[in-house]
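Asks: After the sequence you'll find the predicted model.
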Amino acid sequence: MRPSQAAFPATRFRRVRQSDALRRLVRENELSVNDLIWPVFVRDGEGQEEPVPSMPGVMRRSVDLIAKAATEAQALGIPAICLFPYTDPSLKTEDCAEAWNPDNLSNRAIRAIKQAAPDIAVMTDVALDPYNINGHDGFVVDGEIVNDETVEALVKMTLAQADAGADIIGPSDMMDGRIGAMRAALEKAGHSRVTIMSYAAKYASAFYGPFRDAVGASGALKGDKKTYQMDPGNSDEALRLIERDLTEGADMVMIKPGMPYLDICRRVKDTFGAPTYAYQVSGEYAMVQAAAQNGWIDGEKVMLESLMAFRRAGCDGVLTYFAPTVARILQG
Ligand SMILES: NCC(=O)CCC(=O)O
């Protein structure tokens with residue numbers, strides 16, 4: 001597109017900005033409740049709700065209260081909720097067997113949500129880090145994060161989640177070949193309706209810090225995730241990964257983190273036109289909340305502006321811890 005316009009004063013850009021009515025009329029992008037996916041943290045127990053200190057306003061909730069939160073999210077019109085477990089350290093092992101336990105925290109939460117709020121889509125996380133004694137997304141053998149053995153475990157985890165009723169499988173592990181393996185296993189097991197939102201372009205980012213506190217993984221992680229997550233300097237590689245995951249059977253693709261990687265979102269949407277999502281991660285959320293708490297920014301306005309940026313960059317939706325707050329504002 002090459003916009004053309006007459007010279008000043010025939011063209012005055014301020015004409016269409018002069019009133020709220022005209023501004024609304026020429027607005028190119030809208031933020032709607034339909035664009036929101038709400039990531040939530042699950043803990044054990046009953047009637048338990050505890051704040052995550054590095055993410056003001058975010059809670060870890062027991063399964064019963066997650067089901068209640070999902071019911072509220074459904075009433076607000078939020079289309080999807082995404083589960084992350086805070087796993088008891090005693091359940092973290094080298095073989096990560098808790099990851100595919102049909103009765104693990106996540107799988108119990110899926111079932112509870114499907115019963116309490118059947119119309120909200122339930123998204124899961126597929127990676128071994130919540131269950132791994134060394135905090136990595138894959139098995140560690142002699143200091144190396146091994147790929148193919150990890151993919152086999154991720155497939156077992158995926159099937160357990162699908163059996164529990166998950167609507168959207170969210171592989172966040174960044175192993176090679178996992179989307180094809182998961183898709184084939186889902187088809188074979190009769191789960192052909194289960195969708196996959198691939199964390200296709202996930203960067204090795206410092207913006208995940210508060211999340212690791214929230215799921216209790218900060219202390220566990222030995223080393224870093226640079227051998228499987230992407231180098232922040234790369235952009236073409238993101239397109240290759242997205243294409244790979246789409247051709248292996250991903251229904252939707254995700255870029256993560258969000259705001260520092262809006263250029264990637266735009267390239268991905270323009271290149272593939274596939275359903276594209278960004279994850280506004282914990283560090284992005286924490287920065288907004290911290291500055292707002294200090295009175296340095298207007299938190300609500302910055303939140304809405306940051307979410308509009310994802311729409312402008314071509315995203316069809318965004319995973320955001322702000323989801324219920326935004327939904328309430330959008331509902332007016
Ligand atoms: N798989 C989820 C993450 O790795 C982190 C998300 C966040 O920082 O919010």
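Replies: That came through fine. Residues are numbered from 1 along each chain as shown.

Asks: Give me the pLDDT for the closest residue to the ligand within the stretch 1-150 of the chain.
Replies: For the stretch 1-150 of the chain and the ligand, the shortest gap (Cβ to the nearest ligand atom) falls at Asp125, measuring 5.4 Å. The way it works is simple: take the backbone N, C-alpha and C, and place the C-beta from them, glycine included. Predicted confidence (pLDDT) at Asp125: the value is 98.

Asks: can you list the residues of the stretch 201-332 of the chain near the ligand?
Replies: By Cβ under 6 Å from any ligand atom, the residues of the stretch 201-332 of the chain that approach the ligand are Tyr208, Phe211, Val281, Ser282.

Asks: Output the residues you listed in a markdown table; the columns should cover secondary structure and neighbour count.
Replies: Formatted as a markdown table, these follow (DSSP: H, G, I helix; E, B strand; the rest coil; neighbours: other Cβ atoms under 10 Å):
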| residue | secondary structure | neighbour count |
| --- | --- | --- |
| Tyr208 | helix | 22 |
| Phe211 | helix | 24 |
| Val281 | coil | 26 |
| Ser282 | helix | 24 |
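
Asks: Report all helices and strands that the helix of greatest length in the chain contacts.
Replies: Looking across the chain with DSSP state H, the single longest helix is helix 148-164. Applying 3 or more Cβ pairs under 8 Å, 6 or more residues apart in numbering; DSSP states H and E, one finds that helix 148-164 makes contact with helix 105-116, strand 168-169, helix 178-188.

Asks: Pipe the ones you listed into a markdown table and attach mean neighbour count per row.
Replies: Supplementary listing: the helices and strands packed on helix 148-164 in a markdown table, determined by neighbours: other Cβ atoms under 10 Å:
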| stretch | mean neighbour count |
| --- | --- |
| helix 105-116 | 22 |
| strand 168-169 | 23 |
| helix 178-188 | 19 |
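
Asks: Make a markdown table out of the ones you listed and add distance to the ligand and mean pLDDT.
Replies: Listed next are these as a markdown table, based on distance: least, Cβ to the nearest ligand atom, whole Å; pLDDT from 0 to 100:
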| stretch | distance to the ligand | mean pLDDT |
| --- | --- | --- |
| helix 105-116 | 12 | 98 |
| strand 168-169 | 13 | 98 |
| helix 178-188 | 14 | 98 |
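
Asks: Nearest to Gly314, out of the ones you listed?
Replies: Gly314 lies closest, by Cβ to Cβ, to one member of the helices and strands packed on helix 148-164: strand 168-169, at 19.9 Å.

Asks: What about Arg23, how many residues nearby?
Replies: Using other Cβ atoms under 10 Å, Arg23 is surrounded by 11 other residues.

Asks: Which pLDDT value belongs to Ala214?
Replies: Confidence score, pLDDT, at Ala214: 86.

Asks: give the contact list for it.
Replies: Going by Cβ atoms under 8 Å, 6 or more residues apart in numbering, Ala214 touches Phe41, Val52, Ser54, Met55, Val58, Arg60, Phe84, Tyr86, Ser282.

Asks: out of the residues you listed, which are inside strands?
Replies: Per DSSP state E, strands hold the following members of the contacts of Ala214: Phe41, Arg60, Phe84.

Asks: So what sits opposite the first one in the bridge?
Replies: Read that as Phe41. Arg60, Phe84 (DSSP bridges).

Asks: Below-threshold pLDDT in this structure: ranges please.
Replies: The model of the chain has no residue with pLDDT under 70.

Asks: Show me what from the stretch 1-150 of the chain comes close to the ligand.
Replies: Asp125.

Asks: mind listing the strands for the stretch 1-150 of the chain?
Replies: For the stretch 1-150 of the chain, the strands defined by DSSP state E, counting those that start in this stretch cover 36-43, 49-51, 59-62, 80-85, 121-123, 140-141, 144-145.

Asks: Pipe these into TSV and attach mean neighbour count and distance to Ile110 per row.
Replies: As requested, those are exported to TSV (neighbours: other Cβ atoms under 10 Å; distance: least, Cβ to Cβ, whole Å):
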stretch	mean neighbour count	distance to Ile110
strand 36-43	24	10
strand 49-51	13	19
strand 59-62	21	14
strand 80-85	24	7
strand 121-123	22	5
strand 140-141	14	27
strand 144-145	16	27
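
Asks: on that earlier part again, quick one: which two of the contacts of Ala214 are the most distant?
Replies: It's Ser54 and Phe84 that sit farthest apart of the contacts of Ala214, by Cβ to Cβ, at 14.5 Å.

Asks: list the contacts for Asp119?
Replies: By Cβ under 8 Å, 6+ apart, the contact list for Asp119 reads Gln74.

Asks: For the closest residue to Glu30 other than its chain neighbours, give its distance to the ligand.
Replies: Excluding the flanking residues, the one nearest Glu30 by Cβ to Cβ, 6 or more residues apart in numbering is Arg311, at 7.0 Å. Here the distance between Arg311 and the ligand works out to 19 Å (Cβ to the nearest ligand atom, to the nearest Å).
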